[in-house]
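Asks: What follows is a protein structure lacking sequence information:
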């Protein structure tokens, strides 16, 4: 037992200090980067591993980067470790999904940490870059293979012996559309690693290398014990959940979970073959999202590190959407197949947790908004300056309802609660755009005894732009978030453009709603190519809502009335989905009519036999 | 009401309970015994199949995407819903 080599107090102190180092790495990024994706949305991953690449601190920021960042560190060693070798002061850039990246825009910078000449660990810092030089800005909706998806970077030294390699830095910037922002973002990643290195070396100076290594062993060992014990408390057996992903067709995905002997196996055999679109993901990504969900649903109170992952096995047949082979496209992985992996794991764990009793049972959840609008805008502003806008509002999904409460409105990046959405004022200040509305999307919730959370919706127009183009791939048009235990699905995703509107005339007196605008509306296909927008055109993006939990006819009628009063649910939906009659003139419930309507709806259900 | 010891919870409204020595899937709202515990309870619930977009607003119409509703035959409680892709429109 290695745990005897370190006293518990020192162990606790060191573990908290290590976690704090990863926070500080992320803060360094936020304070030195330029892109709103980092500065405001905080799409940051920051890991620390030991010298054997065991994850000691699993992304303290957006947890989706946790497993992938460690995979990238391992890939760096595998590919560069012997030739040319990795030395003190080196940092390595990598974004190849087949090396472990979530998708091509998620660029990772990896740094070895040496004490003198002795390797004592690694830090890895990942973030989403605004552009990666694909055939269209941000993402290429019609990519069929990775050659049209932009720059692929295998592990390459970007810092050598402490000195920035100008050749590699320039190569990167020459291939992306927003070099002014991305130069700062990339150097911010290097700075973040430097922060972690400085802080870790301070720990070694204070506590000694032997103690730090004993800490590494102890935290992993303790965590594995706790996780095995938690799994052993669950009902052994086999569980299965199936769902679909909709992009250029509807493709089935399935997950079978086996719990046995304190271990869990997630097997995705039976999922659809890889497809020539951007939604596929690599095996590392599938593994990462399984890990992400088990930390959320099974072990939220246990430190996430290598020890927690030992009893977890993932199986995904090669050549499928969830374990794709090069050169198939996969730049939409993080919000495509990866998101659905998360959803499948949630579905299959629900059945386990509902039988587990509280507190585990309290984490049962309907699906969170299924889909995303990957909408980005680019062009030239009034002065002819190039701009690229990714405000991540396509991530405003509604949260799934829980076993004992309504879903959260407008969550963010795949249910990551550590990220946020950039400010409207910042957007209008930075980019030639006018945001007419960013708010809650009425009726997007999945009905239930506990309803899903509302998604967000945005409508905006170009503002005095010389050129303004939108790239608009999206998922979730046909397959919304599922409801659980009798709850109903939430809304789907929708992107509409109205051309030649009267928006500028109406703006002289008021800010019009999208539905109040004249002009010709076109609902876009999910893989539409780039759209040119004029100053009279308006684009609307509606995000998907969260699924509901439990029978909607069991929802407290007064809660439905409150939802109507607050603009969450329309009067029509209150009646049709919840069986609650609300008087439009007073917004009060019609008691007798509601009782009769609910009785009638139950009768209709029974009559369907 | 007869006491039916809960052996396992299947979802919000369904448990496996033992009564007179037999284990059955039972509705917790009306105590209706839906089927033996070894059977697939969904096959014994009332099933309604509807095109999803006709049930859920703000979802694009697709003729093969259905919502399957599983209803307690005793009390009409909605036990579960599933999104299902049919091979062809029905």
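Replies: Now that the structure is in, tell me what you want to look at. Note that the structure is predicted; figures quoted are calculated from it, not measured. Residues are numbered from 1 along each chain as shown, chains lettered A, B, ... in the order given.

Asks: Give the residue spans of chain A that score low on pLDDT.
Replies: Within chain A, the stretches with pLDDT under 70 are A:1-4, A:412-418.

Asks: do the same with chain B
Replies: Low-confidence segments of chain B, defined by pLDDT under 70, are located at B:1-6.

Asks: Quick one: the helices in it, in order.
Replies: With DSSP state H as the criterion, chain B has helices at B:52-55.

Asks: contacting residues for the residue nearest the centre of it?
Replies: Centroid check for chain B by Cα atoms, centre = their mean gives residue B:70 as the closest residue, at 3.5 Å. Under the criterion of Cβ atoms under 8 Å, 6 or more residues apart in numbering or on different chains, the contact partners of residue B:70 comprise B:42, B:45-47, B:78-82. Backbone N, C-alpha and C define where each C-beta goes, glycine included.

Asks: Equivalent analysis for residue A:546, please.
Replies: Counting by Cβ under 8 Å, 6+ apart, residue A:546 touches A:366-369, A:397-401, A:407-408, A:411, A:445-446, A:452-455, A:481, A:490.

Asks: And for residue 55, the neighbour number?
Replies: No chain was given, so I picked chain A. The criterion is other Cβ atoms under 10 Å in any protein chain shown. On that basis, residue A:55 has 26 neighbouring residues.

Asks: that answer is for a different chain, and I need it for chain B
Replies: When neighbours are defined as other Cβ under 10 Å, residue B:55 has 18 of them.

Asks: Look up how far residue B:51 lies from the residue nearest to the centre of chain B.
Replies: When distance is defined by Cβ to Cβ, to the nearest Å, residue B:70 is 17 Å away from residue B:51.

Asks: for residue A:599, same thing?
Replies: From residue A:599 over to residue B:51 (counting by Cβ to Cβ), the distance is 26 Å.

Asks: Backbone dihedrals for residue A:251, please?
Replies: Summarising the backbone geometry of residue A:251 under the convention degrees, to the nearest 10, its torsions are phi -120, psi 130.

Asks: I misspoke; the intended subject was residue A:230.
Replies: phi -60, psi -40.

Asks: quick one: residue A:75 is in a helix?
Replies: Yes. Counting by DSSP: H, G, I helix; E, B strand; the rest coil, residue A:75 is part of a helix.

Asks: That one contacts residue A:153, doesn't it?
Replies: No. Shown here, residue A:75 and residue A:153 do not form a contact pair, counting by Cβ atoms under 8 Å, at 11.3 Å.

Asks: For the residue nearest to residue B:72 when sequence neighbours are not counted, list each beta-bridge partner.
Replies: Across the structure, with Cβ to Cβ, 6 or more residues apart in numbering or on different chains as the measure, the residue nearest residue B:72 apart from its sequence neighbours is residue B:27 (4.6 Å). For residue B:27, the beta-bridge assignment (DSSP bridges) gives partners residue B:14.

Asks: residues contacting residue B:27?
Replies: Remark: with contacts taken as Cβ under 8 Å, 6+ apart, residue B:27 is in contact with B:13-14, B:34, B:72, B:74-75, B:77, B:79.

Asks: Mind putting the contacts of residue B:70 into TSV with neighbour count and distance to residue A:541?
Replies: Converted to TSV, the contacts of residue B:70 look like this (neighbours: other Cβ atoms under 10 Å in any protein chain shown; distance: Cβ to Cβ, whole Å):
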residue	neighbour count	distance to residue A:541
B:42	15	36
B:45	24	38
B:46	18	38
B:47	13	36
B:78	30	31
B:79	26	35
B:80	23	31
B:81	30	27
B:82	17	28
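
Asks: Also within reach of chain A: list those from these.
Replies: Restricting the contacts of residue B:70 to those adjacent to chain A (criterion: Cβ under 8 Å from any Cβ of the partner chain) gives B:46-47, B:78-82.

Asks: Just the closest of those to residue A:90, please.
Replies: Comparing the ones next to chain A among the contacts of residue B:70 against residue A:90 with Cβ to Cβ picks out residue B:82 as the nearest, at 51.7 Å.
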